[in-house]
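A.B. asks: coordinates only, sequence not included:
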């Protein structure tokens, strides 16, 4: 399995070490989720609160900043058929957008490192791309447990 990650830091704040952590963490999450053999592709953007607020307003009808937004390309709506990638082409998972200021604020509020919060948001967004959701209490419990399992397996704990 191979994951191609197109990473764009609009804030110019992430270090090379943090970008490496993100790539390694996404590969760990893909292994943990047992993605089928093949090539997968996703884009990851790091933005300001203003940029994520605009996306949140335009696509979710919530005119406020949020920490992470995901746009899953493989999501199948009601009455739609799943689209299988053509042989030899990557499976396009979608886009994850993270607010760097919100990530920094939440890391401080929760009393853990910026890297831990960044990892949490990245895994959260990645799981959404794979079809996880948290619309019900059961779904939320399952998704958040999965996130913690992946972060722990990678070694990115709360301390």
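C.D. replies: Cool, the structure landed. Treat the numbers as computed from the prediction; the structure is a model and nothing was measured. Numbers count the residues shown, from 1 in each chain.
A.B. asks: what strand or helix carries the residue nearest the centre of the chain?
C.D. replies: Centre of the chain computed as the mean C-alpha position; nearest residue by Cα atoms, centre = their mean is residue 125, 2.4 Å away. Element membership for residue 125, per DSSP states H and E: helix 114-129.
A.B. asks: now tell me what touches that helix from outside.
C.D. replies: 18, 21-22, 25-26, 29-30, 33, 42, 44, 67-70, 72-74, 93-94, 96-98, 103-104, 106-107, 110, 143, 146-147, 150-151, 154, 156-158 (Cβ atoms under 8 Å, 6 or more residues apart in numbering). Bear in mind the C-beta positions are built from the backbone N, C-alpha and C, glycine included.
A.B. asks: what does stretch 29-41 give?
C.D. replies: 1-6, 85, 89-93, 123, 126-127, 130, 149-150, 153-154.
A.B. asks: what's the span of it, first residue to last?
C.D. replies: 14 Å (Cα to Cα, to the nearest Å).
A.B. asks: cool, stretch 35-49 as well?
C.D. replies: First-to-last residue span, stretch 35-49, Cα to Cα: 32 Å.
A.B. asks: returning to that earlier point: in ChimeraX, how would I select the buried members of the contacts of stretch 29-41?
C.D. replies: Those of the contacts of stretch 29-41 that count as buried under 16 or more other Cβ atoms under 10 Å are selected in ChimeraX with:
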select :3,5,91,92,93,123,126,127,130,150,154
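A.B. asks: in strands, which of the contacts of stretch 29-41 fall?
C.D. replies: 2-6, 91-93 (DSSP state E).
A.B. asks: show me what contacts the nearest residue to residue 10 once chain neighbours are set aside?
C.D. replies: Spatial nearest neighbour of residue 10, excluding adjacent residues (Cβ to Cβ, 6 or more residues apart in numbering): residue 47 at 4.9 Å. The neighbours of residue 47, taking Cβ under 8 Å, 6+ apart as the test, are 10-11, 97-100.
A.B. asks: check those and tell me the two furthest apart.
C.D. replies: Taking Cβ to Cβ, the two most distant members of the contacts of residue 47 are 11 and 97; they sit 11.6 Å apart.
A.B. asks: quickly list what's touching both of those two.
C.D. replies: Common neighbours of residue 11 and residue 97 (Cβ under 8 Å, 6+ apart) are 46-47.
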